[in-house]
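1. all I have is the shape, not the residue letters:
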């Protein structure tokens with residue numbers, strides 16, 4: 001998908017490692033943000049905790 005499009009661009013020829021590291025960082029940030037949001041929602045919506 002996106003990585004192939006970027007690597008096909010002449011400006012990124014020979015920069016495979018940099019592109020993949022950048023994509024891995026974006027993926028990690030997105031996953032971490034979703035995990036933190038899910039943890040926050042679980043705490044907020046837990047009926048056992050809110051009953052105490």
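-> Great, that's in hand. Only a predicted model underlies this, so the values are computations on that prediction, with no experimental measurement involved.

2. residue boundaries of the helices in the chain?
-> Applying DSSP state H to the chain gives helices spanning 2-8, 16-45, 47-51.

3. by contact count, what packs against the first one?
-> Pointing back at helix 2-8 there. Applying 3 or more Cβ pairs under 8 Å, 6 or more residues apart in numbering; DSSP states H and E, one finds that helix 2-8 makes contact with helix 16-45. Every C-beta, even on glycine, is put in place using the N, C-alpha and C of the backbone.

4. circling back: format the helices of the chain as JSON lines; extra columns: mean pLDDT and mean neighbour count.
-> Supplementary listing: the helices of the chain in JSON lines, determined by pLDDT from 0 to 100; neighbours: other Cβ atoms under 10 Å:
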{"stretch": "helix 2-8", "mean pLDDT": "74", "mean neighbour count": "11"}
{"stretch": "helix 16-45", "mean pLDDT": "93", "mean neighbour count": "11"}
{"stretch": "helix 47-51", "mean pLDDT": "75", "mean neighbour count": "7"}
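
5. residue nearest the centroid of this protein?
-> Nearest residue to the geometric centre of the chain (Cα atoms, centre = their mean): residue 30, 2.3 Å.
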